[in-house]
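A.B. asks: Could you work out the structure for the sequence below:
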Amino acid sequence: MRMSNHDSQHLPERTEFIVWTEFVERSGVPTARIGELIELGWIEPRTTEQGDYLFRVLDIVRARKLDRICRDFEISSIAGTIIMDLLDRVQEMERRIRQMERLLWDASEGTSGRP
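C.D. replies: Presented below is the predicted three-dimensional model:
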């Protein structure tokens, strides 16, 4: 069955946010841990006028990774958030190092042909 342009106008708008039940289902993270992460401010869902949480889809992966770290190392949620924040910083520093290496390489390539 083909959908006409007119039909696509009635589709819900794509969003980067999902509701609580979908977040819990897709992340697989226990609700108690999600509650802790919200209290810690590590996950900051938006709140609707009705008081319902809306989570960023990006937070699914973050929450899964944190939950896995907490379970694997048998540590608390707060310890897991500290580790995750440090891992994020390391990843950002590695990205910056690669960027600086490219800039240095490009600069040396530009001067290598000069006498």
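A.B. asks: what's the closest non-adjacent residue to the residue most central in space within the chain?
C.D. replies: Centre of the chain computed as the mean C-alpha position; nearest residue by CA atoms, centre = their mean is Leu58, 3.7 Å away. If the residues on either side of it in the chain are set aside, Leu58 comes closest to Glu16, at 7.2 Å by CB to CB, 6 or more residues apart in numbering. Every C-beta, even on glycine, is put in place using the N, C-alpha and C of the backbone.
A.B. asks: What distance do you get for that neighbour to Val61?
C.D. replies: Counting by CB to CB, to the nearest Å, the gap from Glu16 to Val61 is 13 Å.
A.B. asks: ok, now Thr47?
C.D. replies: For Thr47 relative to Val61 (CB to CB), the value is 22 Å.
A.B. asks: I'd assumed Phe17 was in contact with the residue nearest to the centre of the chain.
C.D. replies: No - Leu58 is not in contact with Phe17 according to CB atoms under 8 Å; the separation is 10.1 Å.
A.B. asks: And the lengthiest helix in the chain, what does it pack against?
C.D. replies: Secondary structure of the chain per DSSP state H: the longest helix is helix 77-112. If contacts are counted by 3 or more CB pairs under 8 Å, 6 or more residues apart in numbering; DSSP states H and E, helix 77-112 sits against helix 31-40, helix 58-73.
A.B. asks: Next, report how far that helix is displaced from the centre of its chain.
C.D. replies: 18 Å (CA atoms, centre = their mean, to the nearest Å).
A.B. asks: Can we start the residue count at 39 from this point?
C.D. replies: Got it, first residue is 39 now, which makes that one helix 115-150.
A.B. asks: Mind listing what's buried along that helix?
C.D. replies: Applying a neighbour-count criterion of 16 or more other CB atoms under 10 Å, one finds 115, 118-119, 122 buried in helix 115-150.
A.B. asks: Thank you kindly, that will do.
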